[in-house]
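K.L.:
heads up, no residue letters with this:
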Ligand code: CP
């Protein structure tokens with residue numbers, strides 16, 4: 001872990017390092033906590049809204065004896081330029097090269113949320129192609145210029161803190177996760193959402209040696225390069241990964257069901273067309289009838305959730321729902337990351 005400066009993607013770390021973070025998170029949750037970040041500080045830059053990530057990072061730093069500084073970009077900092085050699089005669093006021101180096105002088109790490117698909121716009125942001133978004137320009141600019149660790153609080157491509165938090169939850173609840181059937185199912189949502197969260201959730205389940213099944217409608221395939229990485233991680237852990245376009249088929253005999261929506265890759269930048277097709281997929285909802293096909297599976301969702309659109313109330317409020325524990329475990333997972341990166 002010490003050789004790697006940033007926490008951008010869980011797959012940047014060896015599986016043993018991820019398992020060590022999970023173990024540390026659970027030990028911290030069980031009271032083995034030292035305030036080892038005394039005098040250390042974390043700058044948090046939010047280019048998008050957040051409830052869980054924002055509050056859990058602030059509380060994590062406080063519990064570890066450090067300080068978190070929340071900089072919502074719209075109100076708390078200048079607008080940034082990210083590209084090299086830019087002639088800054090347009091709207092951007094400060095180059096990230098300067099901001100990152102200045103923050104490095106004050107703080108011990110920076111955490112960035114920058115997902116260009118999350119927006120207050122009616123459908124989804126007018127964004128460029130997936131190939132361009134995939135470069136994760138904003139967080140990579142910070143990684144390039146900062147002389148301290150950069151933590152990904154959700155980029156276009158990965159949400160490693162969510163993935164790690166989910167892994168902590170599954171280990172906590174199931175004990176031995178090897179061979180357990182984990183289903184990540186696409187669910188209907190009125191808006192096209194980023195695929196960072198499912199990417200990291202699936203990668204985490206692959207690291208746990210689970211029998212991973214990903215269900216999504218035809219046309220909603222994940223990025224092939226990331227699927228390759230998932231397949232490699234599953235192999236390394238002794239697990240497996242399969243894909244299907246039938247939620248019902250996926251759910252059979254499963255022990256964990258995680259619902260998540262995302263926008264179809266091939267329609268990036270053309271959301272009106274994507275929306276028309278997506279409109280025919282409202283039956284991709286997790287309800288009790290579908291959960292009855294499982295092996296009494298537990299239900300997970302990263303939240304925020306559109307109730308009775310992605311999942312029915314009876315499932316999310318039922319005895320087998322882990323969603324609030326899953327949200328809490330973001331805190332312990334991030335404490336493990338902060339403590340490991342900053343000590
Ligand atoms: N799951 C998650 O990252 O939630 P927030 O967007 O509220 O941070």
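P.N.:
Good, I have the coordinates. All values derive from a computational prediction rather than experimental measurement. Residues are numbered from 1 along each chain as shown.
K.L.:
Sketch out the strands for this structure, chain order is fine.
P.N.:
41-46, 67-72, 80-81, 94-95, 109-113, 150-152, 181-186, 211-215, 240-244, 256-260, 298-300 (DSSP state E).
K.L.:
With mean neighbour count as extra columns, can I get the ones you listed in TSV?
P.N.:
Glycine gets a C-beta too; all of them are placed from N, C-alpha and C. Formatted as TSV, these follow (neighbours: other C-beta atoms under 10 Å):
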stretch	mean neighbour count
strand 41-46	23
strand 67-72	17
strand 80-81	20
strand 94-95	16
strand 109-113	27
strand 150-152	25
strand 181-186	26
strand 211-215	24
strand 240-244	16
strand 256-260	27
strand 298-300	24
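K.L.:
who wins for proximity to the ligand among these?
P.N.:
Smallest distance to the ligand across those (C-beta to the nearest ligand atom): 7.3 Å, for strand 109-113.
K.L.:
In terms of mean pLDDT, which of the strands of the chain ranks lowest?
P.N.:
Per-segment mean pLDDT for the strands of the chain reaches its minimum on strand 80-81, at a mean of 88.
K.L.:
possible to save the strands of the chain as CSV with distance to residue 9?
P.N.:
Output for the strands of the chain, formatted as CSV (distance: least, C-beta to C-beta, whole Å):
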stretch, distance to residue 9
strand 41-46, 18
strand 67-72, 22
strand 80-81, 22
strand 94-95, 25
strand 109-113, 13
strand 150-152, 7
strand 181-186, 17
strand 211-215, 17
strand 240-244, 17
strand 256-260, 17
strand 298-300, 20
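K.L.:
Which single residue in the stretch 201-343 of the chain comes nearest to the ligand?
P.N.:
Counting by C-beta to the nearest ligand atom, the stretch 201-343 of the chain gets nearest to the ligand through residue 302 (4.0 Å).
K.L.:
Spit out the contact partners of that residue.
P.N.:
If a contact means C-beta atoms under 8 Å, 6 or more residues apart in numbering, then residue 302 has 159, 162, 166, 197, 201, 260, 326 as its contacts.
K.L.:
Which pLDDT value does the model give the spatially most central residue of the chain?
P.N.:
Central residue of the chain (C-alpha atoms, centre = their mean): residue 159, 2.3 Å from the mean position. Here the pLDDT value assigned to residue 159 is 98.
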